[in-house]
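Colleague: predicted model and sequence below, questions to follow.
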Amino acid sequence: MTTSRAVPGGWRSFAVGAAVVCLVPPALLGPSGALLVCVSALLVVAVPLLRWPWGRVTGSAAAFAAMAVSLLTDVLYAGRPGLTLLWMPFECAGLLILTGRLVRHTRSRYLLPAGLLAVLTTLALPLRFTLRKPGAGADDVVIMVLVTLLPVACAVGIGSYLRSADNRRRRAVLQARREQRLQMARVLHDSVAHEVTGMVLDVQAAQVAPQDPGESRALLSRVEEAGLRALDSMDRALQTLRRAEEVREDAGGQEPAHPSTRVYGVADLPELVGRFAESGSGTAELDLDDGLAGALPREVDEAVYVLVLEALTNVRRHAAGARRVTVAVGPASGAVVRVRVVNDGGGSTRPLLPSRKGGGTGLVGLEERYRSLGGVLESGPCAGGWRVAGTLPAAAPTASSGSR
């Protein structure tokens, strides 16, 4: 919270000056009791016009002080009843604005007492005249309260609506930021972690066995290319986040409809499997239906690629001795796409990379992703190796797909 002094500027300065010009001269020319009513009305009118906080005084504290002065004036005023009518419309308008603002901005734990105080202060204002009017009875008091109740209800309703809109806007911002963080996490896990894993394994392999100059140059070339791809993925993610902020500012806080980052899909699987085969000691085979490239919805196309990427990354981490890896992607009965990645295990279950703190959630997150798209993901041992398989609907996912 800033603590700069609240000095009226522009229209606020003009409005405060106009209030002083309108309210103060009649009080100076009138009887002594008029000054008390004038100060109460001027304070209630000025508080909504000033910028807050003013030093350590918050807007809520100033509003409570103004309402307290108004209530004290109701009790202490002893002048002629008709004299209060000159300043009452201004003070009533100010109290209505304060009521709406308190309902809109007060913290939830203080909302009920603050709202009740504002409503009671506004309803009590007309009684400053009615209770002192000669011959006034209970009927006059009830009628005046009922007449005042309508604008008070409007002020509370407007404040409640704006409070609800503010809460929706804050939730939308929080959700957008959460989605951006999840998107960044997916990029780091799906792309960067995959490339870095390959780089680490290549370097470890070079340390285990001596290599001739040609093999060393090929290894360094693979490491360089993997590093460049990892940097490119990070650059695209950062550009997407920056572009999302710019679009949201231009659109008044709305999130862009589609992220602009590069999306990998079925068409990129041959390159992915080929890089995996080049960087390992075993073979990698891809059985891909040619008709799937470019024919799947964006979300499904990306999910197929991510499953293969995650499975191949896990082979590198946990089954480095695998001699054969088979990747199969094709249509299945019932308008679904089936993805299957199988490795033979290589006769060793010892992972080449040490366990990392915070790692190991790739398949769990991917399973949730498949479920949200209306698909199924399974993983487990098979014939001495490991199998990761998933099915996804070939059509675009609907809103109810993830709730089945």
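Modeller: Structure's in. What do you need? Numbers count the residues shown, from 1 in each chain.

Colleague: pretty sure W386 contacts N343?
Modeller: Yes - with contact defined as Cβ atoms under 8 Å, W386 counts as touching N343 (5.6 Å). Every C-beta, even on glycine, is put in place using the N, C-alpha and C of the backbone.

Colleague: shared neighbours of these two, anything?
Modeller: Taking Cβ atoms under 8 Å, 6 or more residues apart in numbering as the contact rule, W386 and N343 both touch 315, 319.

Colleague: give me the more crowded residue out of the two.
Modeller: Comparing W386 with N343 by other Cβ atoms under 10 Å, the one with more neighbours is N343, at 26 against 22.

Colleague: separation between the more buried one and G214?
Modeller: Remark: distance between N343 and G214 (Cβ to Cβ, to the nearest Å) = 28 Å.

Colleague: and what of A19?
Modeller: 87 Å.

Colleague: also V20?
Modeller: Using Cβ to Cβ, we find V20 at a distance of 89 Å from G214.

Colleague: now do R316
Modeller: 23 Å.

Colleague: those two: which has the busier surroundings?
Modeller: Just comparing R316 and G214: by other Cβ under 10 Å the higher neighbour count belongs to R316, 22 against 8.

Colleague: surely that one is within a strand?
Modeller: No - per DSSP: H, G, I helix; E, B strand; the rest coil, R316 lies outside any strand segment and is helix.

Colleague: so it touches V196, yeah?
Modeller: No - taking contacts as Cβ under 8 Å, R316 lies outside contact range of V196: 10.6 Å.

Colleague: need the overlap of contacts for the two.
Modeller: Shared contacts of R316 and V196 (Cβ under 8 Å, 6+ apart): none.

Colleague: now V119. Nearest residue, chain neighbours left out?
Modeller: In this structure, V119 finds its nearest non-sequential neighbour in V152, 5.7 Å apart by Cβ to Cβ, 6 or more residues apart in numbering.

Colleague: what do you get for G33?
Modeller: Distances taken as Cβ to Cβ, 6+ apart put G79 closest to G33, at 2.8 Å, once the chain neighbours are dropped.

Colleague: neighbours of the one you found, how many?
Modeller: G79 has 16 neighbours, counted by other Cβ under 10 Å.

Colleague: what residue is smack in the middle of the chain?
Modeller: L174 (1.9 Å; Cα atoms, centre = their mean).

Colleague: how near is that residue to R181?
Modeller: According to Cβ to Cβ, L174 and R181 sit 11 Å apart.

Colleague: can you check E302 too?
Modeller: On the measure of Cβ to Cβ, E302 and R181 end up 18 Å apart.

Colleague: please apply the same query to G362.
Modeller: Counting by Cβ to Cβ, the gap from G362 to R181 is 17 Å.

Colleague: between those two, which has more neighbouring residues?
Modeller: Just comparing G362 and R181: by other Cβ under 10 Å the higher neighbour count belongs to G362, 20 against 11.

Colleague: nearest spatial neighbour of that one, skipping sequence neighbours?
Modeller: Distances taken as Cβ to Cβ, 6+ apart place E310 nearest to G362, at 4.9 Å, with adjacent residues excluded.

Colleague: how about the secondary structure of that neighbour?
Modeller: Here E310 is recorded as helix under three-state DSSP.

Colleague: hang on, it packs against V388?
Modeller: Yes - in this structure, E310 is within contact of V388 by Cβ under 8 Å, at 7.4 Å.

Colleague: read off the pLDDT value for L95.
Modeller: Per-residue pLDDT puts L95 at 96.

Colleague: distance of the nearest residue to it once chain neighbours are set aside from V142?
Modeller: In this structure, L95 finds its nearest non-sequential neighbour in T122, 4.3 Å apart by Cβ to Cβ, 6+ apart. Going from T122 to V142 by Cβ to Cβ gives 16 Å.

Colleague: tell me the mean pLDDT for stretch 324-340?
Modeller: For stretch 324-340, the mean confidence score works out to 90.

Colleague: okay, now the closest residue to A395 other than its chain neighbours: neighbour count?
Modeller: Nearest residue to A395 in three dimensions, chain neighbours excluded: A335, at 6.3 Å (Cβ to Cβ, 6+ apart). For A335, the tally of surrounding residues (other Cβ under 10 Å) stands at 9.

Colleague: what sits against A335?
Modeller: Taking Cβ under 8 Å, 6+ apart as the criterion, A335 is in contact with 393-395.

Colleague: of the residues you listed, keep whichever come out buried.
Modeller: Neighbour-count burial (16 or more other Cβ atoms under 10 Å) applied to the contacts of A335 gives 393-394.
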